[in-house]
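Peer 1: sequence plus predicted model, see below.
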Amino acid sequence: MLHYFPTPYPDELWYSVIARYHTHSGALSWQATMKALFGNARDADVGSFFPNGSIHKILEQLPPGFLSAQEVALQHTLLPFLMRFQPQKKKAAILEAFLAGEDMRPRYLRATRDIKPRSLRYCPICLQEDTQTYGEPYWHREHQIGLMPLCPRHRCRLLDKPIPNTRPLGAQYLPLDRQDGATPDYGALDYESALTDALCTYLTMPYDLSPNREADNLARAMENAGLLNEDSIRKQAFDVDKLHTALTDKYGAELVKHYFGDHITKAHALRLRHYMIYSAEEYALLTVMLGQGPEVLFSQEQIPLTLETRMRELAASHVIRDKASIAKLLGIRADRLLPYAKRFGIAPFWPQSGAAKEAQERQIYTVTIHLSPMEREELEVFMRAQGMGAYSHALRYFLDTGLRRWREDGKS
(Lines give C-alpha, C1' and ligand atoms only; values in the text may rest on other atoms or scores of the structure.)
Protein backbone atom coordinates (compact mmCIF):
# COMPACT_ATOMS: atom_id res chain seq x y z
CA MET A 1 0.00 0.00 0.00
CA LEU A 2 1.34 3.43 -0.97
CA HIS A 3 1.45 5.80 2.00
CA TYR A 4 1.27 8.82 -0.28
CA PHE A 5 0.25 9.49 -3.85
CA PRO A 6 -0.72 12.94 -5.22
CA THR A 7 -4.26 13.74 -6.27
CA PRO A 8 -4.23 14.67 -9.98
CA TYR A 9 -4.76 18.32 -10.83
CA PRO A 10 -7.33 19.34 -13.48
CA ASP A 11 -6.31 18.01 -16.90
CA GLU A 12 -3.01 16.72 -15.52
CA LEU A 13 -1.20 14.14 -17.62
CA TRP A 14 -0.79 10.78 -15.86
CA TYR A 15 2.99 10.94 -16.35
CA SER A 16 2.94 14.30 -14.57
CA VAL A 17 1.17 12.82 -11.53
CA ILE A 18 3.85 10.14 -11.25
CA ALA A 19 6.58 12.76 -11.75
CA ARG A 20 5.16 14.80 -8.86
CA TYR A 21 5.11 11.67 -6.72
CA HIS A 22 8.80 11.22 -7.55
CA THR A 23 9.58 14.82 -6.51
CA HIS A 24 7.58 14.72 -3.27
CA SER A 25 8.85 11.29 -2.23
CA GLY A 26 12.44 12.52 -2.13
CA ALA A 27 13.68 9.56 -4.16
CA LEU A 28 17.28 9.90 -5.29
CA SER A 29 16.61 8.58 -8.78
CA TRP A 30 13.79 7.90 -11.21
CA GLN A 31 14.73 4.22 -11.15
CA ALA A 32 14.17 4.18 -7.39
CA THR A 33 10.72 5.63 -7.88
CA MET A 34 9.86 3.04 -10.53
CA LYS A 35 10.97 0.27 -8.19
CA ALA A 36 8.92 1.71 -5.33
CA LEU A 37 5.81 1.86 -7.50
CA PHE A 38 6.17 -1.27 -9.59
CA GLY A 39 8.67 -3.51 -7.84
CA ASN A 40 10.50 -5.53 -10.46
CA ALA A 41 8.10 -4.60 -13.26
CA ARG A 42 10.18 -2.85 -15.90
CA ASP A 43 7.54 -2.66 -18.57
CA ALA A 44 5.24 -0.07 -16.96
CA ASP A 45 4.97 2.50 -19.74
CA VAL A 46 4.37 5.54 -17.53
CA GLY A 47 5.47 7.84 -20.35
CA SER A 48 2.57 6.93 -22.61
CA PHE A 49 -0.04 9.62 -23.20
CA PHE A 50 -2.64 6.86 -23.43
CA PRO A 51 -3.96 4.37 -20.85
CA ASN A 52 -1.36 1.83 -19.82
CA GLY A 53 -0.68 -0.85 -17.25
CA SER A 54 0.87 1.57 -14.76
CA ILE A 55 -2.61 2.91 -13.99
CA HIS A 56 -3.84 -0.46 -12.72
CA LYS A 57 -0.60 -1.21 -10.85
CA ILE A 58 -0.71 2.08 -8.95
CA LEU A 59 -4.44 2.07 -8.21
CA GLU A 60 -4.13 -1.41 -6.72
CA GLN A 61 -1.87 0.13 -4.06
CA LEU A 62 -4.18 3.04 -3.20
CA PRO A 63 -7.17 3.11 -0.82
CA PRO A 64 -10.50 2.19 -2.47
CA GLY A 65 -12.32 5.19 -3.90
CA PHE A 66 -9.22 7.41 -4.17
CA LEU A 67 -9.15 7.18 -7.97
CA SER A 68 -10.77 4.90 -10.52
CA ALA A 69 -9.10 3.53 -13.64
CA GLN A 70 -11.91 5.02 -15.74
CA GLU A 71 -11.40 8.46 -14.21
CA VAL A 72 -7.68 8.35 -14.94
CA ALA A 73 -8.20 7.05 -18.49
CA LEU A 74 -10.81 9.65 -19.44
CA GLN A 75 -9.48 12.70 -17.60
CA HIS A 76 -5.71 12.23 -17.45
CA THR A 77 -4.81 10.51 -20.72
CA LEU A 78 -5.53 11.26 -24.38
CA LEU A 79 -7.90 8.29 -24.69
CA PRO A 80 -11.00 10.41 -25.55
CA PHE A 81 -9.03 12.13 -28.32
CA LEU A 82 -7.58 8.88 -29.64
CA MET A 83 -10.98 7.16 -29.71
CA ARG A 84 -13.03 10.14 -30.92
CA PHE A 85 -13.79 8.80 -34.41
CA GLN A 86 -14.30 5.19 -33.44
CA PRO A 87 -17.92 3.96 -33.65
CA GLN A 88 -19.77 4.36 -30.36
CA LYS A 89 -20.10 0.65 -29.58
CA LYS A 90 -16.46 -0.05 -30.40
CA LYS A 91 -15.08 2.73 -28.21
CA ALA A 92 -17.24 1.51 -25.33
CA ALA A 93 -15.83 -2.00 -25.80
CA ILE A 94 -12.27 -0.63 -25.93
CA LEU A 95 -12.70 1.22 -22.65
CA GLU A 96 -14.29 -1.82 -21.04
CA ALA A 97 -11.41 -4.02 -22.21
CA PHE A 98 -8.85 -1.60 -20.75
CA LEU A 99 -10.67 -1.47 -17.42
CA ALA A 100 -10.56 -5.27 -17.42
CA GLY A 101 -6.77 -5.13 -17.75
CA GLU A 102 -6.21 -5.50 -21.51
CA ASP A 103 -3.25 -3.67 -23.07
CA MET A 104 -4.74 -1.42 -25.74
CA ARG A 105 -1.51 -0.04 -27.18
CA PRO A 106 -0.60 -2.62 -29.83
CA ARG A 107 -3.88 -2.22 -31.72
CA TYR A 108 -5.12 1.31 -31.22
CA LEU A 109 -2.17 3.67 -31.10
CA ARG A 110 -1.93 3.56 -34.88
CA ALA A 111 -4.96 5.88 -34.94
CA THR A 112 -2.58 8.82 -34.50
CA ARG A 113 0.69 9.68 -36.25
CA ASP A 114 2.05 11.25 -33.07
CA ILE A 115 2.59 8.03 -31.11
CA LYS A 116 6.07 8.59 -29.68
CA PRO A 117 6.49 12.04 -28.12
CA ARG A 118 9.72 13.84 -28.94
CA SER A 119 9.03 16.45 -26.29
CA LEU A 120 6.61 17.51 -23.59
CA ARG A 121 4.78 20.75 -24.27
CA TYR A 122 3.56 23.47 -21.99
CA CYS A 123 2.05 26.95 -21.89
CA PRO A 124 4.14 29.59 -20.08
CA ILE A 125 0.98 31.27 -18.71
CA CYS A 126 -0.39 27.97 -17.39
CA LEU A 127 2.98 27.36 -15.74
CA GLN A 128 2.73 30.66 -13.86
CA GLU A 129 -0.94 30.23 -12.94
CA ASP A 130 -0.49 26.63 -11.76
CA THR A 131 2.44 27.66 -9.60
CA GLN A 132 0.36 30.42 -8.01
CA THR A 133 -2.70 28.18 -7.54
CA TYR A 134 -1.15 24.83 -6.57
CA GLY A 135 2.37 25.77 -5.56
CA GLU A 136 3.89 23.86 -8.46
CA PRO A 137 3.52 23.58 -12.25
CA TYR A 138 2.45 20.40 -13.98
CA TRP A 139 2.15 18.90 -17.46
CA HIS A 140 -1.29 19.40 -18.99
CA ARG A 141 -2.66 16.55 -21.08
CA GLU A 142 -4.36 18.83 -23.67
CA HIS A 143 -0.99 20.42 -24.46
CA GLN A 144 0.40 17.02 -25.51
CA ILE A 145 -1.80 16.66 -28.61
CA GLY A 146 0.90 16.78 -31.28
CA LEU A 147 -1.03 19.01 -33.69
CA MET A 148 -2.19 21.44 -30.98
CA PRO A 149 -0.48 24.78 -31.80
CA LEU A 150 -1.79 27.04 -29.02
CA CYS A 151 -2.88 26.81 -25.41
CA PRO A 152 -6.69 26.48 -25.53
CA ARG A 153 -7.04 28.81 -22.54
CA HIS A 154 -4.48 31.54 -23.21
CA ARG A 155 -4.04 31.42 -27.02
CA CYS A 156 -0.28 31.69 -26.80
CA ARG A 157 2.03 29.27 -28.60
CA LEU A 158 2.88 26.08 -26.75
CA LEU A 159 6.55 25.58 -25.93
CA ASP A 160 8.53 22.36 -26.27
CA LYS A 161 10.74 20.77 -23.65
CA PRO A 162 12.62 18.14 -25.69
CA ILE A 163 13.16 14.66 -24.28
CA PRO A 164 16.93 14.83 -23.74
CA ASN A 165 18.10 11.43 -25.00
CA THR A 166 17.03 8.36 -26.92
CA ARG A 167 15.50 6.67 -23.88
CA PRO A 168 11.69 6.67 -23.82
CA LEU A 169 9.97 9.26 -21.68
CA GLY A 170 8.80 6.62 -19.20
CA ALA A 171 12.38 5.65 -18.43
CA GLN A 172 13.38 9.11 -17.21
CA TYR A 173 12.18 12.07 -15.20
CA LEU A 174 11.48 15.25 -17.13
CA PRO A 175 10.41 17.97 -14.69
CA LEU A 176 8.53 21.16 -15.50
CA ASP A 177 10.38 23.82 -13.50
CA ARG A 178 9.17 27.27 -12.56
CA GLN A 179 12.21 28.63 -14.39
CA ASP A 180 11.02 27.05 -17.64
CA GLY A 181 8.64 29.94 -18.27
CA ALA A 182 9.27 32.23 -21.23
CA THR A 183 7.67 35.27 -22.80
CA PRO A 184 4.31 34.21 -24.28
CA ASP A 185 4.15 34.22 -28.06
CA TYR A 186 0.74 35.35 -29.33
CA GLY A 187 1.74 35.39 -33.00
CA ALA A 188 -0.72 32.74 -34.18
CA LEU A 189 -1.21 31.88 -37.84
CA ASP A 190 -4.64 32.56 -39.31
CA TYR A 191 -5.90 28.97 -38.90
CA GLU A 192 -4.30 28.08 -35.56
CA SER A 193 -7.01 29.38 -33.24
CA ALA A 194 -9.74 27.41 -35.01
CA LEU A 195 -7.51 24.33 -35.14
CA THR A 196 -6.84 24.60 -31.40
CA ASP A 197 -10.59 24.78 -30.72
CA ALA A 198 -11.30 21.74 -32.89
CA LEU A 199 -8.62 19.58 -31.27
CA CYS A 200 -9.60 20.62 -27.76
CA THR A 201 -13.27 19.87 -28.50
CA TYR A 202 -12.40 16.39 -29.76
CA LEU A 203 -10.60 15.77 -26.46
CA THR A 204 -13.23 17.18 -24.10
CA MET A 205 -16.46 15.98 -25.74
CA PRO A 206 -18.21 13.17 -23.85
CA TYR A 207 -16.26 9.98 -24.48
CA ASP A 208 -19.16 8.09 -26.07
CA LEU A 209 -19.86 10.76 -28.70
CA SER A 210 -19.00 9.61 -32.24
CA PRO A 211 -19.52 11.26 -35.66
CA ASN A 212 -23.03 11.01 -37.08
CA ARG A 213 -22.63 8.87 -40.18
CA GLU A 214 -26.29 9.35 -41.12
CA ALA A 215 -26.06 13.15 -41.34
CA ASP A 216 -22.95 12.81 -43.53
CA ASN A 217 -21.97 16.41 -42.88
CA LEU A 218 -18.33 16.03 -43.90
CA ALA A 219 -19.27 15.03 -47.44
CA ARG A 220 -21.92 17.76 -47.59
CA ALA A 221 -19.36 20.39 -46.54
CA MET A 222 -16.93 19.02 -49.13
CA GLU A 223 -19.62 19.32 -51.79
CA ASN A 224 -20.37 22.93 -50.81
CA ALA A 225 -16.65 23.69 -51.10
CA GLY A 226 -16.46 22.18 -54.61
CA LEU A 227 -14.15 19.36 -53.50
CA LEU A 228 -16.17 16.44 -54.83
CA ASN A 229 -15.37 14.56 -58.01
CA GLU A 230 -17.44 16.18 -60.77
CA ASP A 231 -18.41 12.78 -62.16
CA SER A 232 -19.60 11.48 -58.80
CA ILE A 233 -23.07 12.97 -58.37
CA ARG A 234 -24.52 9.90 -56.69
CA LYS A 235 -21.58 8.60 -54.60
CA GLN A 236 -20.18 12.05 -53.72
CA ALA A 237 -16.55 10.90 -53.83
CA PHE A 238 -13.82 13.37 -52.89
CA ASP A 239 -11.61 14.81 -55.62
CA VAL A 240 -8.25 13.78 -54.15
CA ASP A 241 -6.16 16.24 -56.18
CA LYS A 242 -8.37 19.23 -55.34
CA LEU A 243 -8.47 18.15 -51.70
CA HIS A 244 -4.69 17.84 -51.35
CA THR A 245 -4.19 21.19 -53.07
CA ALA A 246 -6.73 22.90 -50.81
CA LEU A 247 -5.10 21.46 -47.69
CA THR A 248 -1.63 22.50 -48.85
CA ASP A 249 -2.83 26.03 -49.63
CA LYS A 250 -4.27 26.25 -46.13
CA TYR A 251 -1.55 24.64 -44.01
CA GLY A 252 1.59 24.34 -46.12
CA ALA A 253 3.19 21.26 -47.65
CA GLU A 254 5.14 20.07 -44.58
CA LEU A 255 2.17 19.81 -42.22
CA VAL A 256 -0.04 18.18 -44.87
CA LYS A 257 2.67 15.66 -45.74
CA HIS A 258 3.00 14.61 -42.09
CA TYR A 259 -0.69 13.77 -41.72
CA PHE A 260 -1.80 12.91 -45.28
CA GLY A 261 1.39 12.06 -47.15
CA ASP A 262 2.62 13.41 -50.50
CA HIS A 263 -0.81 12.73 -51.99
CA ILE A 264 -4.19 11.40 -50.90
CA THR A 265 -5.17 8.11 -52.46
CA LYS A 266 -8.72 7.41 -53.58
CA ALA A 267 -8.87 4.56 -51.08
CA HIS A 268 -7.85 6.90 -48.23
CA ALA A 269 -10.38 9.51 -49.36
CA LEU A 270 -13.11 6.87 -49.44
CA ARG A 271 -12.27 5.84 -45.89
CA LEU A 272 -12.35 9.49 -44.78
CA ARG A 273 -15.67 9.90 -46.55
CA HIS A 274 -17.21 7.10 -44.46
CA TYR A 275 -15.39 7.89 -41.16
CA MET A 276 -13.27 4.77 -41.42
CA ILE A 277 -10.10 6.76 -40.72
CA TYR A 278 -9.75 7.19 -36.96
CA SER A 279 -7.20 10.01 -36.86
CA ALA A 280 -8.82 12.98 -35.12
CA GLU A 281 -5.99 15.18 -36.46
CA GLU A 282 -7.02 14.55 -40.07
CA TYR A 283 -10.65 15.47 -39.42
CA ALA A 284 -9.60 18.58 -37.50
CA LEU A 285 -7.50 19.74 -40.46
CA LEU A 286 -10.36 19.02 -42.88
CA THR A 287 -13.10 20.78 -40.92
CA VAL A 288 -11.01 23.86 -40.13
CA MET A 289 -10.13 24.16 -43.82
CA LEU A 290 -13.86 23.96 -44.62
CA GLY A 291 -14.74 26.60 -42.03
CA GLN A 292 -16.85 24.04 -40.17
CA GLY A 293 -17.12 23.86 -36.39
CA PRO A 294 -15.99 20.56 -34.85
CA GLU A 295 -19.46 19.79 -33.48
CA VAL A 296 -21.00 19.66 -36.97
CA LEU A 297 -19.66 16.17 -37.67
CA PHE A 298 -21.46 14.94 -34.55
CA SER A 299 -24.74 16.80 -35.12
CA GLN A 300 -28.05 15.07 -35.80
CA GLU A 301 -28.96 17.82 -38.29
CA GLN A 302 -27.65 17.93 -41.83
CA ILE A 303 -26.04 21.11 -43.06
CA PRO A 304 -27.82 22.45 -46.19
CA LEU A 305 -26.35 21.81 -49.61
CA THR A 306 -25.77 25.09 -51.41
CA LEU A 307 -26.58 23.62 -54.83
CA GLU A 308 -29.80 22.01 -53.64
CA THR A 309 -30.94 25.20 -51.92
CA ARG A 310 -30.25 27.30 -55.01
CA MET A 311 -31.94 24.77 -57.31
CA ARG A 312 -35.07 24.77 -55.17
CA GLU A 313 -35.12 28.57 -55.21
CA LEU A 314 -34.94 28.61 -59.00
CA ALA A 315 -37.67 25.95 -59.26
CA ALA A 316 -39.94 27.96 -56.95
CA SER A 317 -39.42 31.20 -58.83
CA HIS A 318 -41.66 30.06 -61.76
CA VAL A 319 -39.28 31.81 -64.13
CA ILE A 320 -38.94 29.90 -67.41
CA ARG A 321 -35.30 29.36 -68.32
CA ASP A 322 -33.66 26.92 -70.66
CA LYS A 323 -31.25 24.27 -69.33
CA ALA A 324 -28.16 26.18 -70.37
CA SER A 325 -29.26 29.30 -68.46
CA ILE A 326 -30.15 27.33 -65.34
CA ALA A 327 -26.88 25.39 -65.41
CA LYS A 328 -24.92 28.62 -65.76
CA LEU A 329 -26.70 30.12 -62.75
CA LEU A 330 -25.94 26.98 -60.72
CA GLY A 331 -22.34 26.72 -61.88
CA ILE A 332 -22.72 23.20 -63.27
CA ARG A 333 -22.74 21.62 -66.71
CA ALA A 334 -26.12 21.39 -68.48
CA ASP A 335 -25.89 17.58 -68.71
CA ARG A 336 -25.65 17.42 -64.90
CA LEU A 337 -28.86 19.33 -64.32
CA LEU A 338 -31.26 16.38 -64.56
CA PRO A 339 -29.12 13.98 -62.45
CA TYR A 340 -28.90 16.57 -59.68
CA ALA A 341 -32.65 17.24 -59.89
CA LYS A 342 -33.30 13.50 -59.49
CA ARG A 343 -30.90 13.27 -56.56
CA PHE A 344 -32.62 16.16 -54.76
CA GLY A 345 -36.15 15.05 -55.67
CA ILE A 346 -36.89 18.20 -57.68
CA ALA A 347 -39.19 17.99 -60.69
CA PRO A 348 -37.63 19.42 -63.88
CA PHE A 349 -38.49 23.11 -64.10
CA TRP A 350 -37.10 23.83 -67.56
CA PRO A 351 -38.72 23.23 -70.99
CA GLN A 352 -38.86 19.48 -71.70
CA SER A 353 -38.74 17.62 -75.00
CA GLY A 354 -42.51 17.08 -74.70
CA ALA A 355 -43.12 20.81 -74.79
CA ALA A 356 -43.49 20.80 -78.57
CA LYS A 357 -46.24 18.17 -78.38
CA GLU A 358 -47.98 20.17 -75.67
CA ALA A 359 -47.82 23.28 -77.84
CA GLN A 360 -49.47 21.40 -80.74
CA GLU A 361 -52.37 20.45 -78.47
CA ARG A 362 -52.90 24.06 -77.52
CA GLN A 363 -54.16 26.78 -79.85
CA ILE A 364 -51.22 29.05 -80.57
CA TYR A 365 -51.69 32.79 -80.72
CA THR A 366 -49.20 35.36 -81.87
CA VAL A 367 -49.22 38.36 -79.56
CA THR A 368 -47.53 41.63 -80.36
CA ILE A 369 -46.58 43.88 -77.46
CA HIS A 370 -45.44 47.43 -78.01
CA LEU A 371 -42.80 48.65 -75.57
CA SER A 372 -41.17 52.00 -75.15
CA PRO A 373 -37.35 52.05 -75.29
CA MET A 374 -37.27 52.48 -71.50
CA GLU A 375 -39.67 49.56 -70.95
CA ARG A 376 -37.64 47.36 -73.26
CA GLU A 377 -34.45 48.25 -71.42
CA GLU A 378 -36.08 47.46 -68.07
CA LEU A 379 -37.33 44.14 -69.44
CA GLU A 380 -33.88 43.18 -70.66
CA VAL A 381 -32.35 44.10 -67.27
CA PHE A 382 -34.94 41.84 -65.60
CA MET A 383 -34.21 39.01 -68.04
CA ARG A 384 -30.47 39.22 -67.44
CA ALA A 385 -30.98 39.20 -63.66
CA GLN A 386 -33.21 36.14 -63.94
CA GLY A 387 -31.03 34.29 -66.44
CA MET A 388 -33.71 34.32 -69.16
CA GLY A 389 -32.55 33.76 -72.71
CA ALA A 390 -35.65 34.80 -74.70
CA TYR A 391 -38.45 37.38 -74.56
CA SER A 392 -40.95 34.53 -74.64
CA HIS A 393 -39.62 33.26 -71.32
CA ALA A 394 -40.21 36.64 -69.69
CA LEU A 395 -43.69 36.99 -71.19
CA ARG A 396 -44.59 33.46 -70.09
CA TYR A 397 -43.42 34.34 -66.56
CA PHE A 398 -45.53 37.50 -66.39
CA LEU A 399 -48.54 35.70 -67.83
CA ASP A 400 -48.29 32.79 -65.38
CA THR A 401 -47.70 35.12 -62.43
CA GLY A 402 -50.60 37.39 -63.36
CA LEU A 403 -53.04 34.53 -63.97
CA ARG A 404 -52.04 32.82 -60.72
CA ARG A 405 -52.64 35.97 -58.69
CA TRP A 406 -55.94 36.50 -60.46
CA ARG A 407 -57.07 32.97 -59.60
CA GLU A 408 -55.92 33.34 -55.99
CA ASP A 409 -57.91 36.57 -55.70
CA GLY A 410 -61.09 34.77 -56.78
CA LYS A 411 -61.02 35.95 -60.41
CA SER A 412 -62.48 39.26 -59.38
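Peer 2: Thanks, I have the structure now.
Peer 1: now do the strands in the stretch 51-200 of the chain.
Peer 2: Secondary structure of the stretch 51-200 of the chain (DSSP state E, counting those that start in this stretch): strands at 119-122, 159-162.
Peer 1: so which of the ones you listed is the most packed in?
Peer 2: Ranked by mean neighbour count under mean count of other CB atoms under 10 Å, the strands of the stretch 51-200 of the chain are led by strand 119-122, which reaches a mean of 21. From N, CA and C alone the C-beta is placed, and that goes for glycine too.
Peer 1: turn the strands of the stretch 51-200 of the chain into JSON lines, including mean pLDDT.
Peer 2: Shown next, in JSON lines, are the strands of the stretch 51-200 of the chain (pLDDT from 0 to 100):
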{"stretch": "strand 119-122", "mean pLDDT": "93"}
{"stretch": "strand 159-162", "mean pLDDT": "93"}
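Peer 1: you'd agree I326 is in a helix?
Peer 2: Yes - remark: I326 belongs to a helix, assigned using DSSP: H, G, I helix; E, B strand; the rest coil.
Peer 1: show me the contacts for it.
Peer 2: Residues near I326 by CB atoms under 8 Å, 6 or more residues apart in numbering: 314, 334, 337, 349-350, 387.
Peer 1: go through those and flag which are in helices.
Peer 2: Among the contacts of I326, DSSP state H puts 314, 337 in helices.
Peer 1: only whichever of the contacts of I326 are buried, select them in ChimeraX.
Peer 2: To isolate the buried members of the contacts of I326 in ChimeraX, using 16 or more other CB atoms under 10 Å:
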select :314,337,349,350,387
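Peer 1: next, count neighbours for the residue nearest to L195 when sequence neighbours are not counted.
Peer 2: Nearest residue to L195 in three dimensions, chain neighbours excluded: V288, at 5.0 Å (CB to CB, 6 or more residues apart in numbering). For V288, the neighbour count with other CB atoms under 10 Å is 22.
Peer 1: so what pLDDT did V288 get?
Peer 2: V288 carries a pLDDT value of 97.
Peer 1: report the separation between it and T204.
Peer 2: Between V288 and T204 the distance is 17 Å, computed by CB to CB, to the nearest Å.
Peer 1: ok, back up a step: of the contacts of I326, which is the nearest to Q86?
Peer 2: Nearest to Q86 out of the contacts of I326 is L337 (CB to CB; 39.9 Å).
Peer 1: check contacts around the closest one.
Peer 2: 323, 326-327, 330, 350 are the contacts of L337 under CB under 8 Å, 6+ apart.
Peer 1: farthest-separated two in the residues you listed?
Peer 2: Farthest apart among the contacts of L337 by CB to CB are L330 and W350. That separation is 11.4 Å.
Peer 1: can I get the strands of the stretch 51-200 of the chain in JSON lines with distance to E102?
Peer 2: Putting the strands of the stretch 51-200 of the chain into JSON lines (distance: least, CB to CB, whole Å) gives the following:
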{"stretch": "strand 119-122", "distance to E102": "27"}
{"stretch": "strand 159-162", "distance to E102": "32"}
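Peer 1: which of those strands sits closest to R407?
Peer 2: strand 119-122 (70.4 Å).
Peer 1: dihedrals phi and psi, the residue nearest to L195?
Peer 2: phi -70, psi -40 (degrees, to the nearest 10).
Peer 1: list the contacts for it?
Peer 2: Taking CB under 8 Å, 6+ apart, one finds 191, 194-195, 198, 250 in contact with V288.
Peer 1: which among these count as buried?
Peer 2: Applying 16+ other CB under 10 Å to the contacts of V288, the neighbour count classes 191, 194-195, 198, 250 as buried.
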